[in-house]
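Visitor: Fold the following and give me the result.
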Amino acid sequence: MRITERRRPAARRTGGGGRLVPNRRRLSWVDFAVAAAVLVLGYLALRVGQGTTVNFDPADVPDVDTDPARLPYYAARSVLRMFIALGASVVFTFGYAYAAARSRRLERILIPALDILQSVPVLGFLSVLVTFFVALFPGSLLGLECAVVFAIFTSQAWNMTFGFYATLTSLPRELDEVSRSFGFSRWMRFWRIEVPAGVIDLVWNGMMSFAGGWFMLVASEAVSVSGHDYAVPGLGSYAGTAIGEGDLDKIGWCIVAMTLTIVTVNFLFWRPLTAWAEKFKNEQSEATDVQRSYVLDFLRRSQWSTLLGRASAPAREGLGRAGRVVLGRDDKALAVDPVRRRTGDLIFGLIACAVLLWGLYDLLRYLRRETGLGVFGEPLWLGLITFVRVVVLVAAATVVWVPIGVWIGSSPRLTKIAQPVVQVLASFPANLLFPLAVWFFLKTGLDINIGCVLLMALGAQWYVLFNAIAGAMAIPTDLKEAMDDLGVRGLQRWKRLILPAVFPAYVTGGITASGGAWNASIVGEVVTFAGTTLTATGLGAYIFHATETGDFPKLIAGIAVMSLYVVGLNRLFWRPLYALAERRYSM
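Guide: Numbers count the residues shown, from 1 in each chain. From the prediction side, this is the model:
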């Protein structure tokens, strides 16, 4: 694995014993500029964060101020929520994916659970979440803020977790052999081998998850619970209010503000991160054309990274000791007696089945008491209709976006140009396009049952594109050069190099795009603008109306059926592809 290092300043001799000590150059204007920027960002975060703890009366919620002059403050509040949710998603990804990849028993529970979690529409339970968090922090807006952050978290975590799990289960053989031959502890193996191997996929999946958070932002910052309208200051609540009023001027201002915010975050955060991740490519020779970032180049001219590295050394050592205690000393501890392993598997399986059967029995008993088990009939049929839409969407996204993603990811220069454009397109909430969609459907006469596929695609197709870009970027330069030397081009190059290399990342993108499409059906199959509502026939519309009317038996039945379809599709189609990627196409 190629890791570039910065040259250290030359050493000088001290006067007394002739001992060599490293030169320490004085702080430059770059160091002062970086320090000032960090202080300003910290100050802004504190000032914006103060608004999350103000007094809050659920019975008297103020209306969202739609004055365009408030948009900069709203953008800052929304960005703060997005980054808090992103940090929680990274922590969840490391813990959940590692547990699923390193334990056969937990894998049998955690991966199907992850399939269900990504398919459960949090929008259907958002009212319950708001009620819970508001009661948890009475008299403070912090409860409502936590509910919004949790909703954004659910739109970010699953994609990153699937991607990192795929990395852990398809680790390059030479890296696995190196870690074992040197006797790495599990913590060293995780931090020195596994995390670096998954950085590129993790960064691009994190970027896609961050983009998905913007979609959830519009739906979560303003919600109705038991006749009360709750809203927190942000771009999402501003957009929701403007859409409800049918004010196209305010919607336009919100689109401009959101676009500028996305571009700024991309320039200051995601662009430097993708350029930094280049050093984790698993290759023997360095590419002549690599990604660059002006922000990253500027930061590398500063000494603060070196100073912070020295200051944080004790903390990192303590974290390493804690990691060795939690994860164990080495992988040899995983080897146990076969009889004990089979016995443990049997006991674990019996306990898991007992808990699952008890939960299923309790659910069926509740539905039988409230409405009867016939409540599953309608959502099963409607789910089949939505299932066809999801299959068409994923197939079309594969044909369109995999070649484009490979084209972008194979050229650092093109990536530099295309990344901001793709980031804006993926981050743009489909909700803001509903006014245009309603107008287009009414003018052209396009049936909403067909048009809703386009709206669902706006929130789901990008998973395929981002993972295709990440897979193409991770192709080692030496393999490309070998193909060039052998004269392998065109269709043969795709067949021998590109498709096998991109396949593991595509599977991750496909499974998350499929789950995202099911969730997007809830808002895509019912489109409302200025009093005009278009409704498609499907499971998403069924869940939307059950949520709106507060019909919990139908809501539970709809979510259960959606989970059944998603898990069935994943187990019968995507899981075999995962196994194929691990067995044949891991580099």
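
Visitor: quick one: average confidence on stretch 453-473?
Guide: Averaging pLDDT along stretch 453-473 yields 82.

Visitor: err, stretch 523-543, not the other one
Guide: Mean predicted confidence for stretch 523-543 is 78.

Visitor: Can I get that stretch in PDB, CA atoms only?
Guide: Extracted in PDB, the C-alpha atoms of stretch 523-543 (Å, rounded to 0.1, in the frame of the first residue of the first chain):
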ATOM      1  CA  VAL A 523     -42.500  10.300  -1.000                       C
ATOM      2  CA  GLY A 524     -42.300   9.500  -4.700                       C
ATOM      3  CA  GLU A 525     -45.700   7.800  -5.000                       C
ATOM      4  CA  VAL A 526     -47.600  10.700  -3.400                       C
ATOM      5  CA  VAL A 527     -46.800  14.200  -4.800                       C
ATOM      6  CA  THR A 528     -48.400  17.300  -3.400                       C
ATOM      7  CA  PHE A 529     -48.000  21.000  -4.300                       C
ATOM      8  CA  ALA A 530     -50.200  23.900  -3.500                       C
ATOM      9  CA  GLY A 531     -53.300  21.800  -2.900                       C
ATOM     10  CA  THR A 532     -52.800  19.500  -5.900                       C
ATOM     11  CA  THR A 533     -52.100  15.800  -4.900                       C
ATOM     12  CA  LEU A 534     -51.100  13.000  -7.300                       C
ATOM     13  CA  THR A 535     -51.100   9.500  -5.900                       C
ATOM     14  CA  ALA A 536     -49.700   6.400  -7.500                       C
ATOM     15  CA  THR A 537     -50.700   2.800  -6.800                       C
ATOM     16  CA  GLY A 538     -48.100   1.200  -4.600                       C
ATOM     17  CA  LEU A 539     -46.800   0.300  -1.100                       C
ATOM     18  CA  GLY A 540     -45.200   3.600  -0.600                       C
ATOM     19  CA  ALA A 541     -48.500   5.500  -1.000                       C
ATOM     20  CA  TYR A 542     -50.100   2.900   1.300                       C
ATOM     21  CA  ILE A 543     -47.600   3.600   4.100                       C
END
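
Visitor: quick one: the strands in the protein?
Guide: In the chain, the strands defined using DSSP state E lie at 11-13, 20-22, 222-225, 228-231, 526-529, 532-535.

Visitor: so residue 535 makes contact with residue 525?
Guide: Yes. Residue 535 lies in contact with residue 525 (C-beta atoms under 8 Å); the separation is 6.9 Å. Where C-beta positions appear, they are placed from N, C-alpha and C, glycine not excepted.

Visitor: Overlap of the contact sets of these two?
Guide: 448, 541 (C-beta atoms under 8 Å, 6 or more residues apart in numbering).

Visitor: Comparing those two, which residue is more hemmed in?
Guide: The neighbour comparison of residue 535 against residue 525 (other C-beta atoms under 10 Å) goes to residue 525, with 30 against 16.

Visitor: For that one, give me its contacts.
Guide: 386, 448, 452, 456, 535-538, 540-541, 544.

Visitor: Name only those of those that count as buried.
Guide: 386, 448, 452, 456, 535-536, 538, 540-541, 544 (16 or more other C-beta atoms under 10 Å).

Visitor: and which of the residues you listed is nearest to residue 574?
Guide: Within those, the smallest distance to residue 574 is 17.3 Å, found for residue 386 (C-beta to C-beta).

Visitor: how about the closest one, what does it touch?
Guide: Residue 386 makes contact with 518, 521, 525, 538-540, 565, according to C-beta under 8 Å, 6+ apart.

Visitor: Local confidence estimate at it?
Guide: Reported pLDDT for residue 386: 91.

Visitor: got it, and the one 10 residues further on?
Guide: In this prediction, residue 396 carries a pLDDT score of 92.

Visitor: What count of nearby residues applies to it?
Guide: Neighbour count of residue 396, defined by other C-beta under 10 Å: 14.

Visitor: Check residue 64 too.
Guide: 23.

Visitor: That one contacts residue 238, doesn't it?
Guide: Yes. At 6.0 Å, residue 64 counts as touching residue 238 under the criterion of C-beta under 8 Å.

Visitor: From residue 102, how far out is residue 171?
Guide: To residue 102, residue 171 is 11 Å away according to C-beta to C-beta, to the nearest Å.

Visitor: one step back: save the contacts of residue 386 as a markdown table, and put in distance to residue 422 too.
Guide: Shown next, in a markdown table, are the contacts of residue 386 (distance: C-beta to C-beta, whole Å):
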| residue | distance to residue 422 |
| --- | --- |
| 518 | 23 |
| 521 | 23 |
| 525 | 26 |
| 538 | 28 |
| 539 | 30 |
| 540 | 26 |
| 565 | 29 |
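
Visitor: In helices only, show me these.
Guide: Those of the contacts of residue 386 mapping onto helices are 518, 521, 539-540, 565, per DSSP state H.

Visitor: Tell me where the stretch 451-587 of the chain has helices.
Guide: 462-473, 477-485, 490-493, 499-524, 539-549, 552-569, 575-584 (DSSP state H, counting those that start in this stretch).

Visitor: Please identify the most buried of the ones you listed.
Guide: helix 462-473 (a mean of 28; mean count of other C-beta atoms under 10 Å).

Visitor: Just the angle for that helix relative to helix 499-524, thanks.
Guide: 160 degrees (axes from the mean of the first three to the mean of the last three C-alpha atoms, to 10 degrees).

Visitor: Only alpha carbons, please: show helix 462-473 as PDB.
Guide: C-alpha atoms of helix 462-473 as PDB (Å, rounded to 0.1, in the frame of the first residue of the first chain):
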ATOM      1  CA  TRP A 462     -26.800   8.000  -7.000                       C
ATOM      2  CA  TYR A 463     -25.800   5.000  -4.800                       C
ATOM      3  CA  VAL A 464     -24.800   3.100  -8.000                       C
ATOM      4  CA  LEU A 465     -22.900   6.100  -9.400                       C
ATOM      5  CA  PHE A 466     -20.900   6.900  -6.300                       C
ATOM      6  CA  ASN A 467     -19.900   3.300  -5.700                       C
ATOM      7  CA  ALA A 468     -18.900   2.900  -9.400                       C
ATOM      8  CA  ILE A 469     -16.700   5.900  -9.000                       C
ATOM      9  CA  ALA A 470     -15.200   4.600  -5.800                       C
ATOM     10  CA  GLY A 471     -14.600   1.200  -7.400                       C
ATOM     11  CA  ALA A 472     -12.900   2.700 -10.500                       C
ATOM     12  CA  MET A 473     -10.700   5.000  -8.300                       C
END
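
Visitor: now the helices for the stretch 201-350 of the chain?
Guide: Using DSSP H, counting those that start in this stretch, helices in the stretch 201-350 of the chain cover 235-245, 248-265, 271-276, 294-300, 304-311, 313-327, 338-370.

Visitor: Can you tell me which of those helices has the worst average pLDDT?
Guide: Taking the mean pLDDT of these, helix 313-327 comes last: a mean of 63.

Visitor: what's around residue 274, how many residues?
Guide: 24.

Visitor: what's near enough to touch it?
Guide: Residue 274 makes contacts with 203-204, 207, 291, 293, 415, 419, as judged by C-beta under 8 Å, 6+ apart.

Visitor: quick one: least confident of these?
Guide: residue 291 (67).

Visitor: Tabulate the contacts of residue 525 in TSV, adding columns for distance to residue 463.
Guide: Converted to TSV, those look like this (distance: C-beta to C-beta, whole Å):
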residue	distance to residue 463
386	18
448	24
452	18
456	12
535	26
536	22
537	25
538	20
540	18
541	23
544	22
